[in-house]
Structures are given as structure tokens and as C-alpha cells.
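Participant: next come a sequence and a model predicted from it.
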Amino acid sequence: MRFQPFDPEVDTSRTRRRLPHWFQEGRTYFVTFRLADSLPRQKREQLKIERDAWLAAHGMTSPDQVDRLPPSDQSAYRLWFSERTEALLNAGYGLCVLGRTECGRIVEQALRFFEEERYHLDEYVIMPNHVHVLLCPIPPFSLSRILHSWKRHSAREINALLRKTGTSLWLDESFDHIVRRYEQLDHYRKYIRNNPENAKSRRGTYRLGRGRTKL
């Protein structure tokens, strides 16, 4: 499949929860989803304080106002948020159950199960407490539907393996970013490959992979 960068002239749908989500058909996304226990409350509060300071410095009082900024400033906010979150994730908080071989394998199997049927899969890394993926959804399957399927299946299998009930494995919301340029696609590929080294992860506690289709 040939990579298609984000096109500002094409219709784009936008939704917002805690984070903004942009969707454009036929585009590639860099996605991060993480375990529910990956950030302790103290670190989440620290991140909120830093976020509020960033917003105040840009004349805003709420993340809901970010959509009013020019696209370049919105991208700067998303980049800042993702970098700060990534630094905290790499610190290895939580039980890091994905670092167990059998749990990491379950997630990898979920990522590859509908490959070339519901999405084109590029590169990915499964870290002990979070996952990074580059993918391009195949219509009519939406990014949100794909992520929901990955999380639902892997949570059911991992919770059964660990004999856990009544607990949420994954944080409900994910971070996603439309890849805007070829250079950015290359950047995210390198980001994925370097994540284990940057986090100082031990061999065997992460899974690096590449899909059948190079975008």
C-alpha cells in the first residue's frame, strides 16, 4: 500500500474526550495505548499541572479550547503531551504485565489477527506497560473500532491468564496522531524501534514487529 500523508484539503472528522482525535480516510496513524495502571495518581496529577501551565501560557484555561488554536499550535500541544506522557510511561510504573512473554504475545496476536482485512499494519512495539503502532484502517473499519477490538480481545485473554476479574486492563482512551509527511512516518518508525533502548528495557520484556505491508 502506498502511504498517503494528511491532506488539509480533504474532509476531516474530529472528536474530543480528554484528547482531540482527528480522522481522515486512507491515512496512517501513530497510536499509543497503555495499561490502566501505567501512571500512578501522583504522576497523573503532575501531568495535569504541567498541562494546565502549558495552556495558561497560551492563554487558555481548558483543553477544550485547544481546537481553537491554529493547526500548528494544536500539533505542538499534542506533541508536548505525548512526549511528557511517554517519559512517564518509560519509567515503568504499574505491574507492567505486558513485559511477561505470554501477555506480550497475546497483544501481538491481537494486532496481527485482522491484518490486511481491517487495517494495514506497519511497525509496532509492545512495551511492558504501553503499545505503539503505525497502521492504516481499511474502510469501513474505523480506527476506534480497531482499537476497541484489540483491547477487548487482549484484555479478556490476559485477565484470564492472570486470573483477574472485575478490573480494567487498558486505559479507555488512546493517543492517536495522523501522520502528515513522509519524514514524520520515518520519525515514528525510528521512535518505535528505539523505544526499548530509550526506556532501558531488558531483552525479553518487549516485542518489536513489522506488519506484512510497508506503508
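Facilitator: Received it, and whenever you're ready, just let me know what you need.

Participant: only C-alpha atoms for contact and neighbour calcs from this point on.
Facilitator: Will do.

Participant: wasn't residue 176 part of a helix?
Facilitator: No: assigned with DSSP: H, G, I helix; E, B strand; the rest coil, residue 176 falls outside any helix and is strand.

Participant: does it touch residue 32 like I think?
Facilitator: Yes: between residue 176 and residue 32 there is a contact under Cα atoms under 8 Å: 6.4 Å.

Participant: neighbour count: those two, which is higher?
Facilitator: More crowded of residue 176 and residue 32, by other Cα atoms under 10 Å: residue 176, with 23 against 20.

Participant: so what's the more buried one closest to, chain neighbours aside?
Facilitator: residue 31 (4.3 Å; Cα to Cα, 6 or more residues apart in numbering).

Participant: who's the closest residue to residue 174 other than its chain neighbours bridged to?
Facilitator: The shortest distance from residue 174 to any non-neighbouring residue, by Cα to Cα, 6+ apart, is to residue 33 (4.8 Å). Beta bridges link residue 33 to residue 131 when assigned by DSSP bridges.

Participant: my read is that residue 33 contacts residue 171, right?
Facilitator: Yes: checked against Cα under 8 Å, the pair residue 33 and residue 171 is within contact range at 7.3 Å.

Participant: give me the more crowded residue out of the two.
Facilitator: Shown here are residue 33 and residue 171; by other Cα under 10 Å, residue 33 has more neighbours (20 against 15).

Participant: just to revisit the earlier point, anything in contact with each of residue 176 and residue 32?
Facilitator: Taking Cα atoms under 8 Å, 6 or more residues apart in numbering as the contact rule, residue 176 and residue 32 have no neighbour in common.

Participant: before we move on, the earlier item: so how far is residue 56 from the residue nearest to residue 174?
Facilitator: Distance, residue 33 to residue 56, by Cα to Cα, to the nearest Å: 27 Å.

Participant: and residue 174, by the same measure?
Facilitator: Noted for residue 174: a distance of 24 Å to residue 56, by Cα to Cα.

Participant: who has more neighbours, the two?
Facilitator: Set residue 174 next to residue 56 and count neighbours by other Cα under 10 Å: residue 174 wins out with 17 against 12.
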